[in-house]
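1. Predicted structure and sequence below. I'll ask about it afterward.
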Amino acid sequence: MKSEIIAIGSEMLTPHRQDTNSLFLTEKLNELGVTVAFKTIVGDRRKDLVNAIRSALGRVDIVIMMGGLGPTEDDITREAVAETLGVKLKRDGTQVAALATRMATWRLPIPDNNFKQADLIEGATILPNANGSAPGQWIDTTFGDFRKLIILVPGPPSECKPLFETEVMPRLREALPQRFLAKRSLKAAMIPESQADKLLAPVYTTYTDVETTILAHNGDIQLLLHCVKREQEHAERRVSELASKMEEILDDWLYSSEGESLEQIVLYYLGLRQATLAVAESCTGGLVAERITSVPGSSRSFVGGAIVYSNALKTQFAGVPAELIEEHGAVSEEVARALAEGIRKKTGATIGLGVTGIAGPTGATETKPVGLVYIAVTDGAKTDVLEKNFRGSRQRIRDFAAQQALDLVRRRLM
């Protein structure tokens with residue numbers, strides 16, 4: 001069963017506004033075994049909207065339209081749907097009365113254009129909107145001899161989401177054949193997307209009934225597995241089979257099989273080992289600490305640290321000898337090692353982490369290019385230092401360095 005979400009509003013075709021409702025709607029549709037095959041954004045032009053509706057009806061079973069149900073001249077969703085289906089609009093007396101009551105409670109006069117929100121598409125069922133003045137509409141119809149569902153919901157998230165949950169979902173459950181969804185999210189750190197796909201594609205392509213999506217962002221790979229079957233057990237079994245094979249292939253790159261973040265996993269291992277962590281960050285400017293402290297309860301395992309951006313603070317806060325910086329430079333294996341060991345001693349933490357690098361766009365030398373980063377982790381008995389050369393913008397280099405640092409801690413704790 002395929003669906004298309006059409007977001008309506010010229011403002012969403014500008015840099016100033018974006019559609020966020022469709023993420024929520026996609027999740028809800030997936031729960032019912034409905035795949036979102038297309039997402040379309042259309043401006044407030046009737047001809048364009050009619051064309052978009054016709055295209056959607058020609059390729060999917062369910063069309064969900066968000067927005068364009070208000071009282072203004074550019075709210076044309078009802079008119080466009082009626083034109084597409086070749087039916088008329090009829091003003092619904094019950095909705096007129098509801099609008100009048102609503103306005104009366106606010107002691108406001110009712111402009112005539114407000115009543116267009118009571119226009120009902122012929123053959124449609126009203127979907128009451130408890131949080132706004134524009135109701136949704138449900139249309140069960142045929143288009144080209146095929147059954148189609150057209151669902152109109154308001155655009156504001158505070159209206160769209162509760163209306164979809166309370167009015168649309170029960171109707172969809174009743175209208176659609178019963179299907180069950182199983183899903184899994186696997187996560188791996190610091191493996192290139194192309195390498196991950198090369199390793200995994202020979203396996204996941206054989207599971208044609210499981211939809212596999214690979215998402216990559218700043219050193220983080222997320223593998224989304226999604227399977228719909230008539231029986232929940234069957235769907236779960238297929239997803240589990242594929243996930244197990246992927247986990248075996250990914251080996252140490254894999255850090256989560258249940259969708260947890262890398263920082264959550266680091267804190268899990270710290271708790272498991274009854275260990276604590278402190279950080280001394282230079283080029284990442286506190287990104288590692290920010291990610292860790294975003295997890296509730298992190299204070300049990302994260303003692304803190306320092307942003308040692310200047311050489312003076314590297315010495316003052318992390319105990320890095322000034323002569324070491326003078327001899328090897330602030331961005332060096334030796335200084336990264338000293339940062340990790342120094343912050344561990346200063347704070348009394350079990351694990352010390354040090355990060356130093358050149359995020360750019362300036363600061364590079366002939367021997368030390370932009371993107372050069374040294375990351376060190378120590379437990380007092382052993383110190384590991386990793387040298388990396390990241391490419392891209394300043395922010396990308398910083399994000400990759402933070403991800404690599406957390407992964408280095410994870411691997412040490414494992």
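-> Perfect, thanks for sending it. Numbering: from 1, shown residues only.
2. Averaged over its residues, which helix or strand of this structure has the lowest pLDDT?
-> Ranking every helix and strand in the chain by mean pLDDT, DSSP states H and E puts helix 93-105 at the bottom, with a mean of 81.
3. which helices and strands sit right next to the helix or strand immediately after it in the chain?
-> Next along the chain after helix 93-105, taking DSSP states H and E as the criterion, comes strand 119-121. Under the contact criterion of 3 or more Cβ pairs under 8 Å, 6 or more residues apart in numbering; DSSP states H and E, strand 119-121 touches helix 77-85, strand 89-91, strand 136-143. All C-beta atoms are positioned from the backbone trio N, CA, C, and that covers glycine.
4. any low-confidence regions in this protein?
-> 106-108, 110, 112 (pLDDT under 70).
5. And the helices in it, which stretches?
-> 21-31, 46-57, 77-85, 93-105, 157-163, 169-175, 193-204, 232-250, 262-273, 287-293, 311-318, 322-328, 333-347, 394-413 (DSSP state H).
6. and of the ones you listed, who's closest to Leu149?
-> Leu149 lies closest, by Cβ to Cβ, to one member of the helices of the chain: helix 169-175, at 6.6 Å.
7. That closest one: which residues count as buried?
-> Leu172 (16 or more other Cβ atoms under 10 Å).
8. now Val320: how far from Leu313?
-> Note on Val320: its distance to Leu313, by Cβ to Cβ, to the nearest Å, is 9 Å.
9. higher neighbour count, those two?
-> Val320 (27 against 15; other Cβ atoms under 10 Å).
10. wait, that one sits on Ala340?
-> No - contact between Val320 and Ala340 fails when scored by Cβ atoms under 8 Å: they sit 10.1 Å apart.
11. what's around the nearest residue to Gly348 once chain neighbours are set aside, how many residues?
-> In this structure, Gly348 finds its nearest non-sequential neighbour in Val303, 7.3 Å apart by Cβ to Cβ, 6 or more residues apart in numbering. As a burial measure, Val303 scores 18 neighbours (other Cβ under 10 Å).
12. And for the one 3 residues further on?
-> Other residues near Ala306 come to 22 when the count uses other Cβ under 10 Å.
13. now, of the helices and strands packed on strand 119-121, which is deepest in the fold?
-> helix 77-85 (a mean of 22; mean count of other Cβ atoms under 10 Å).
14. what about Thr276, neighbour count?
-> 19.
15. For the helices of the chain, give me TSV that also has distance to Ser256.
-> Formatted as TSV, the helices of the chain follow (distance: least, Cβ to Cβ, whole Å):
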stretch	distance to Ser256
helix 21-31	19
helix 46-57	36
helix 77-85	41
helix 93-105	47
helix 157-163	28
helix 169-175	29
helix 193-204	14
helix 232-250	10
helix 262-273	6
helix 287-293	14
helix 311-318	31
helix 322-328	36
helix 333-347	25
helix 394-413	10
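16. Go through these and pick out the most buried.
-> With neighbours defined as mean count of other Cβ under 10 Å, the helices of the chain peak in mean count at helix 333-347, which reaches a mean of 24.
17. Excluding its own residues, what touches that helix? List them.
-> 278-280, 282, 303-306, 308, 314, 317-321, 324-325, 327-329, 349-356, 374-380, 383, 385, 387 (Cβ atoms under 8 Å, 6 or more residues apart in numbering).
18. Buried ones only from the residues you listed, please, as a PyMOL command.
-> To isolate the buried ones among those in PyMOL, judged by 16+ other Cβ under 10 Å, type:
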select buried, resi 278+279+280+282+303+305+306+308+314+317+318+319+320+324+325+329+349+350+351+352+353+354+355+356+374+375+376+377+378+379+383+385
